[in-house]
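Asker: Next come a sequence and a model predicted from it.
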Amino acid sequence: MNTAVYPGSFDPITNGHLDIIHRASSLVDKLYVAVLINNRKKYMFTASEKVSFIQKSIEGSNNIEVVAYNGLLVDFCKKVDAKAIFKGLRAVTDFETEVQMALINKRLEPDIETLLLVSAEDYSFISSSIIKEVAFYGGDITDLVPPHVKEAILEKWRRQK
Ligand code: PNS
């Protein structure tokens, strides 16, 4: 069985992530969407909130499993016997970080390959952080995240204001 992992912070899931999830899952028998911890970021949502947002966004897809994992990505890959990691590449600004992560993962686990999927043009400019910022100042994020995610972001900001 061809198994791959699509890891990320997903704080929260965006339509750009969902595009990558659907494209990656069409290339393998089983795709794990792994909610991991990026120590360089501060999060708005808990891991279990993020997992449930993703699960709700992919209802009906039968070869995708969403899990939270606290540890190294390559250890998660070994645990689920995945030989490939999918990442999305939006713009040239992503390139450096993605190559750095791919190389460290390769150093840690040479048998696991990182595959970079170029983001759909429509989503090449969006990120979870920019969406949260736009929503904070009252901008419309309707086309950028699923409806339940939009509601969750607005609710968080309402509580903080
Ligand atoms: O969505 P992000 O923040 O770009 O995802 C980065 C993430 C979470 C995939 C990365 O930080 C990660 O793999 N974290 C788990 C710990 C790990 O394996 N670190 C070494 C590889 S960067």
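Answerer: Great, that's in hand.
Asker: Can I get the longest helix along the chain in PDB, CA atoms only?
Answerer: Across the chain, the longest stretch assigned as helix under DSSP state H is helix 92-108. The C-alpha coordinates for helix 92-108 follow below in PDB (Å, rounded to 0.1, in the frame of the first residue of the first chain):
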ATOM      1  CA  VAL A  92       9.500  31.400  -3.800                       C
ATOM      2  CA  THR A  93       9.400  32.500  -0.200                       C
ATOM      3  CA  ASP A  94       8.400  29.000   0.800                       C
ATOM      4  CA  PHE A  95      11.200  27.400  -1.100                       C
ATOM      5  CA  GLU A  96      14.000  28.000   1.400                       C
ATOM      6  CA  THR A  97      12.100  26.700   4.400                       C
ATOM      7  CA  GLU A  98      10.700  23.700   2.600                       C
ATOM      8  CA  VAL A  99      14.100  22.700   1.300                       C
ATOM      9  CA  GLN A 100      15.500  23.100   4.700                       C
ATOM     10  CA  MET A 101      12.800  20.800   6.200                       C
ATOM     11  CA  ALA A 102      13.100  18.300   3.400                       C
ATOM     12  CA  LEU A 103      16.900  18.100   3.900                       C
ATOM     13  CA  ILE A 104      16.800  17.600   7.700                       C
ATOM     14  CA  ASN A 105      14.100  15.000   7.300                       C
ATOM     15  CA  LYS A 106      16.200  13.300   4.600                       C
ATOM     16  CA  ARG A 107      19.200  13.400   7.000                       C
ATOM     17  CA  LEU A 108      17.100  11.900   9.800                       C
END
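Asker: Wait, residue 47 touches residue 35, no?
Answerer: Yes: at 5.3 Å, residue 47 counts as touching residue 35 under the criterion of C-beta atoms under 8 Å. (Each C-beta comes from the backbone N, C-alpha and C, glycine too.)
Asker: helices and strands around the longest helix of the chain, which ones?
Answerer: helix 73-79, strand 84-89, strand 113-118 (3 or more C-beta pairs under 8 Å, 6 or more residues apart in numbering; DSSP states H and E).
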